[in-house]
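# Mind looking at a prediction? Sequence and model below.
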Amino acid sequence: MKEGKTGIEVSIAASIAAKLARVEVVAAYPITPQTHIVEHLSELVANGELDASYVNVESEHSAMSACCGASAAGARTFTSTSAQGMELMHEILFIASAMRFPIVMAAVNRALSSPLSIWGDHSDVMAARDTGWIMLFCENGQEVVDSIIMAFKIAEDRRVLLPVMVNLDGFSLSHVIEPIEFPSQEKVDAFLPPYDPLYTLHPDKPVTMGAYGMPELYTEAKYAQEMALIDSKKVVIEVMDDFGKRFGRSYKPVETYNTEKADTVFIALGSINENIKTAIDMLKEEGREVGLIHLRLFRPFPSDELIAALKGVKRVAVIERAMPGGAMNSPLFNEISSLVHSNSMGIQLNNYIVGLGGRDVNPEDFHGIIDDMLSPEAKKETPKEEKNYRVIGVRG
Amino acid sequence: MRLKSLELYTEHPEYEFAVSGHRACQGCAEMLALRLALKVFGEDTIIAMATGCMEIISTPLPTTSWRLPWIHVAFENTAAVASGIESALRILTEKKKIPRKDIHVVAIAGDGGTSDIGLQALSGAMERGHKFTYICVDNEAYMNTGIQRSSSTPYGAMTTTSPPGKRSIGQSTQKKNMPKIAAAHNIPYVATACPSYPFDLLAKVKKARMANGPSYLHILSVCPTGWRIPSDLAIRYGRLAVETGVFPLYEIEKGKYRLTYNPEPLRHVVDYMNGQGRFRHLTVKTISQIQEKVIKDWGKMKYLCGVK
């Protein structure tokens, strides 16, 4: 890989990142829009450029199951999926985190059926948000590459030992060509040493993995797992800082854009943040100051960092790419609302649902959202029985 | 033949990999089958086990009945978990991260975990050609959850979800032919076995272990609880299943069928079905229909095995 930036499709870049991380087992099943990642990985294995076992499983359920087996045997393990595939492996997502397998998965976010849609939104990952995985969201291709490399370091840390999901938006991020800088193999090797597992399945030291828990032990097991997930935030920050020092690109669990002068901010996940930044720049030209809080880390939920970022903020528009499914609001909104109210922050919160099933979101939509937020009606905070949120651009 | 079997037995007699203290029912032939099989597989073995009787009786946290590396992930994915382990061992050995050793991966599931919910994962693993052995311990129903019918439950049998009644004979479908499905994947070794014939079982486990690719063992495991028989008669009922031709003992080596034990002249199925609570509602007419089917299937099996 040459020095400097290369124009490359983000999916291909994601598979190169997995190669740079020297993954040893890849078990995956093709699904749009994840396909380019696994195609390129199998090509790298076929050409002998990546020394790994590629398991062509017959379903996503088996993909995650094979990843569990491979990780239990001590291999650095990678997979990738989207939408229906993530739902099919849903059962095993819980088990992978509870059995503390440091698997890394690139989740190429896509809408869930029905109606069948291959295009992007966050309904897949929002349905999997409480499976006990560490979850990172990427804004651009460079972040995808860097996050995959960081994900292994986070997952395999002895203080963590949890799987990490790196989320990137289907098509609008996965299939675009971006200028991306790849770190050298030597630098990645220095940053990410070979996986040194705590326990493995090996006859030299027999262990039993996946025993069942009676009521007198189950709670303690789940509590320990939850504490590990919460405590992993320290390691996430450590790894991001270390990455910044070594590679010159710094990341934080929560990042802000133009929040210094603004008391009205957007909060969103994923590549839509770049669109929001464009909208913010356009609003700036009109003399209106609006900011953005970008959640890069979604699980564990970065409460302290978010509280700090919300200091001085009066209005928040939570932008989300998933339907609430009968809840009062969409998932991300509910968590932010819980944080804001339990800390008596007195911030006006509004919930906007955009970009479902690949629907385009334009900068003008964000202008409209700001106008809506400043309207007298939007200030009413009393929850209604239905529709505490607005679906932007919906017809009929 | 007999002497050879004895030699086989004395090769693997002493050490136990499935140890006492587990919670299996009295007279459980499934645990017996695994106890015997693991002696042949030996210490360089990793077990991937499906949710089911054998899993739940052996590993209440923090205890275990297994002296081998053992993993349980879920119900329907044992073959996939085994695929992952085998793939990892291969690459880690190649990269010299673990010492070169002939480690064998054994996936174990019940009949429900094999012929129903785990069939897809099993088919995938066999098709991909992982070097592993899959054991189906077949007790002919979902015994762990309280005797519900599976696709491996025999025709006429009473289970809690195939109860006989005014409009029901009990299980209304024929037992799924799992060994034939496994063989259709053109894997090097497929065999049926029953712990009532321990030497036959041990010999087949050895062949499965040596096979150059996936191997499949279908072990009829008498379940006194689910079949509603006295717990001291498990071995006898296993023998009766074979002697009546209900469960033929055979192997398919590289596509070639061979009967490993010929019980002819066959006993009447009534000898097998009598005394089993799960069949006690059946009429003489139904039993004679079952007899006809067994004779027909036995003829086909003899033809496949080239036995005149």
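Structure's in. What do you need?

# Show me which helix or strand of the chain is least confident by mean pLDDT.
Just going to use chain A. helix A:376-379 (a mean of 77; mean pLDDT, DSSP states H and E).

# in that one, what counts as buried?
Residues residue A:378 are the ones in helix A:376-379 that count as buried (16 or more other Cβ atoms under 10 Å in any protein chain shown). C-betas here are computed from N, CA, C, even on glycine.

# was I right about residue B:70 contacting residue A:208?
Yes: using Cβ atoms under 8 Å, residue B:70 is in contact with residue A:208, at 4.9 Å.

# what helices or strands is the least confident helix or strand of chain A leaning on?
For helix A:376-379, the packing partners by 3 or more Cβ pairs under 8 Å, 6 or more residues apart in numbering or on different chains; DSSP states H and E come out as strand A:348-353.

# And the strand it packs on, how far out from the chain middle?
Here the centre of strand A:348-353 is set off from its chain's centre by 21 Å, with Cα atoms, centre = their mean, to the nearest Å.

# just checking, what packs against that strand?
Judged by 3+ Cβ pairs under 8 Å, 6+ apart, strand A:348-353 is in contact with strand A:315-320, helix A:331-342, helix A:363-374, helix A:376-379, strand A:389-391.

# need those in TSV with distance to residue B:118, can you?
Output for those, formatted as TSV (distance: least, Cβ to Cβ, whole Å):
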stretch	distance to residue B:118
strand A:315-320	37
helix A:331-342	33
helix A:363-374	47
helix A:376-379	53
strand A:389-391	42
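
# Going by residue numbers, what spans are strands in the stretch 1-150 of chain A?
Ranges of strands within the stretch 1-150 of chain A are A:5-9, A:25-28, A:53-56, A:77-81, A:104-109, A:134-137, based on DSSP state E, counting those that start in this stretch.

# Over to chain B?
Counting by DSSP state E, chain B has strands at residues B:45-49, B:70-72, B:104-110, B:132-138, B:164-165, B:168-169, B:189-193, B:215-220, B:250-253, B:256-259.

# Mind checking the pLDDT average for the third one?
On average, the pLDDT along strand B:104-110 is 98.

# For that strand, which strands pair with it and how are they oriented?
With DSSP bridges as the test, strand B:104-110 is paired with strand B:45-49 (parallel), strand B:132-138 (parallel).

# which residues are contacting the last one?
Identification of contacts with strand B:132-138 by Cβ atoms under 8 Å, 6 or more residues apart in numbering or on different chains yields B:30, B:33-34, B:37, B:41, B:54, B:78-79, B:82-83, B:86, B:104-111, B:113-115, B:122, B:125-126, B:152, B:178, B:182, B:205, B:208-209, B:211, B:214-221.

# could you redo the last one with a cut-off of 7 Å?
With Cβ atoms under 7 Å, 6 or more residues apart in numbering or on different chains as the test, strand B:132-138 has contacts from B:30, B:33-34, B:37, B:54, B:79, B:82, B:86, B:104-111, B:114, B:122, B:152, B:178, B:208-209, B:214-221.

# end-to-end on stretch A:209-220?
In stretch A:209-220, first residue to last residue: 17 Å (Cα to Cα, to the nearest Å).

# ok, residue B:159 to residue B:148 distance?
6 Å (Cβ to Cβ, to the nearest Å).

# Is residue B:90 in contact with residue A:54, as I believe?
No: counting by Cβ atoms under 7 Å, residue B:90 stays clear of residue A:54, with 11.4 Å between them.

# Can you pull the residues that touch both of residue B:159 and residue B:148?
In terms of Cβ under 7 Å, 6+ apart, residue B:159 and residue B:148 are both contacted by the residues residue B:141.

# what about those two, which has more around it?
residue B:159 (21 against 16; other Cβ atoms under 10 Å in any protein chain shown).

# Now that one: closest residue in space that isn't a chain neighbour?
Nearest residue to residue B:159, sequence neighbours excluded (Cβ to Cβ, 6 or more residues apart in numbering or on different chains): residue B:149, at 4.2 Å.

# Contact partners for that neighbour?
Taking Cβ under 7 Å, 6+ apart, we find residue B:149 in contact with B:141, B:159, B:161, B:162, B:171.

# Repeat that for residue A:145.
Residue A:145 neighbours (Cβ under 7 Å, 6+ apart): A:13, A:14, A:17, A:180, A:182.

# What's the local residue count around the last one?
By other Cβ under 10 Å, the residues close to residue A:182 number 23.

# Just grab the bridge partners of the most centrally placed residue in chain B for me.
What sits nearest the mean C-alpha location of chain B, by Cα atoms, centre = their mean, is residue B:219, with 2.4 Å. Taking DSSP bridges as the rule, residue B:219 bridges to residue B:137, residue B:193.

# so it touches residue B:193, yeah?
Yes: taking Cβ under 7 Å as the definition, residue B:219 is a contact partner of residue B:193 at 4.9 Å.

# Count the neighbours of the closest residue to residue B:155 other than its chain neighbours for me.
Using Cβ to Cβ, 6+ apart and skipping residues adjacent in sequence, the residue nearest residue B:155 is residue B:174, 5.2 Å away. Using other Cβ under 10 Å, residue B:174 has 14 neighbouring residues.

# From chain A, how far off is residue B:174?
26 Å (Cβ to the nearest Cβ, to the nearest Å).

# what pLDDT does that residue get?
Residue B:174 carries a pLDDT value of 98.

# go on, the one 3 residues further on?
The confidence metric pLDDT takes the value 98 at residue B:177.

# Give me the distance between it and residue B:252.
Residue B:177 is 12 Å from residue B:252, where distance means Cβ to Cβ.

# Counting neighbours, go ahead and name the busier of these two.
residue B:252 (21 against 14).

# Which residue, neighbours along the chain excluded, lies closest to the residue in chain B that chain A sits nearest to?
Distance from chain A to each residue of chain B (Cβ to the nearest Cβ) is smallest for residue B:84, at 2.7 Å. What sits nearest to residue B:84 in space, not counting adjacent residues and going by Cβ to Cβ, 6+ apart, is residue A:69, at 2.7 Å.

# Now do the same contact list for residue A:378.
A:350, A:372 are the contacts of residue A:378 under Cβ under 7 Å, 6+ apart.

# How much space separates it from residue A:355?
Taking Cβ to Cβ, one finds residue A:378 at 20 Å from residue A:355.

# Quick one: residues contacting the nearest residue to residue B:67 once chain neighbours are set aside.
Closest residue to residue B:67 apart from its sequence neighbours, by Cβ to Cβ, 6+ apart: residue B:17 at 4.8 Å. Residue B:17 is in contact with B:38, B:39, B:66, B:67, B:68, counting by Cβ under 7 Å, 6+ apart.

# Kindly recompute the last result at 10 Å.
Contacts for residue B:17 were tallied using Cβ atoms under 10 Å, 6 or more residues apart in numbering or on different chains; they are A:206, B:34-35, B:37-39, B:41-43, B:45, B:47, B:65-68, B:70.

# so for the helix of greatest length in chain B, what's the average pLDDT?
The residue-count maximum for a helix in chain B (DSSP state H) belongs to helix B:284-305. Averaged across helix B:284-305, the pLDDT comes to 98.

# what does that helix contact?
Contacts of helix B:284-305 (Cβ under 10 Å, 6+ apart): B:154-156, B:169-170, B:174-175, B:177, B:180, B:244-248, B:250-252, B:256-260, B:262-264, B:266, B:268-270, B:272-274, B:279, B:282-283, B:307-308.

# Mind giving me the ChimeraX select for the residues you listed, buried ones only?
Buried subset of the contacts of helix B:284-305, written as a ChimeraX selection, criterion 16+ other Cβ under 10 Å:
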select /B:154,155,156,169,170,175,244,245,246,247,248,250,251,252,257,259,260,263,266,269,272,273,279,282
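
# from the contacts of helix B:284-305, which ones fall inside helices?
Mapping these onto helices (DSSP H) picks out B:180, B:269, B:270, B:272, B:273.
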